[in-house]
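need coordinates for the following:
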Amino acid sequence: RGGRGGPLTRHFETREALVEEVYRQEVDELCAAPAELLARSAPEEALRHFLLLLVEHAAVGKGMAVALESIMATDSPVFDDSRTQMAEALDQLLKAGAAAGTIRGDVSGRTVLRALGGICGMHTTEGWQDEAVRITAILVDGLRFGADHAG
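Got it, this is the predicted structure:
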């Protein structure tokens, strides 16, 4: 059967290691987005766009669910590392919004990530992604409420 899994898995000891590396690369690319978003958008718009990217990431992740479950069964720190990285990316956006006076300053990236995790946890229901996008808009509105708007 020679060709099965050849070149792709040759550099990784296990299939799980390959999936882990692909997932890490996706998260790295995703978490690089805030700097670019802030360079071309107001902080609250950059935050909204990044949250939608996270919803999209969750939707794609559901497609990888079986593969991701296989690495969850190992002692891989990939998910803890990814959550930390995503929370730090959100912190960057939240701090920019707070400095601009358009996002409340009393919420951490980890808290927003937990809220988004709850939203994306609905993935088993029909139309969950459309609902997640609508709920994300409500989340952004909530993050704007209580901002000092002093800019």
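
how many residues are close by I103?
Residues contacting I103 under the criterion other C-beta atoms under 10 Å number 25. Any C-beta I mention is one placed from the backbone N, CA and C, and that applies to glycine too.

low-scoring stretches of this structure, by residue?
1-10, 61-76, 149-151 (pLDDT under 70).

what do you get if the cut-off is 50, keeping everything else the same?
Applying pLDDT under 50 to the chain flags the ranges 1-6, 9, 151.

just want the most central residue of it.
Residue closest to the mean C-alpha point of the chain, counted by C-alpha atoms, centre = their mean, is L54 at 3.6 Å.

sec struct for that residue, please.
Following DSSP: H, G, I helix; E, B strand; the rest coil, we place L54 in the helix state.

quick one: it and L116 touch, right?
Yes. The pair L54 and L116 qualifies as a contact (C-beta atoms under 8 Å) at a distance of 5.6 Å.

hey, what's in contact with both of those two?
Counting by C-beta atoms under 8 Å, 6 or more residues apart in numbering, no residue touches both L54 and L116.

what's the neighbour count on A96?
Residues near A96, counting by other C-beta under 10 Å: 20.

just checking, it touches S41?
No. Using C-beta under 8 Å as the test, A96 is too far from S41 to be in contact (10.1 Å).

my guess is P43 contacts T102. True?
Yes. Counting by C-beta under 8 Å, P43 touches T102, with 6.0 Å between them.

quick one on the thing from earlier: and the gap between the residue nearest to the centre of the chain and F79?
Distance of L54 to F79, given as C-beta to C-beta, to the nearest Å: 14 Å.

what does H11 give?
22 Å.

no more questions from me, cheers.
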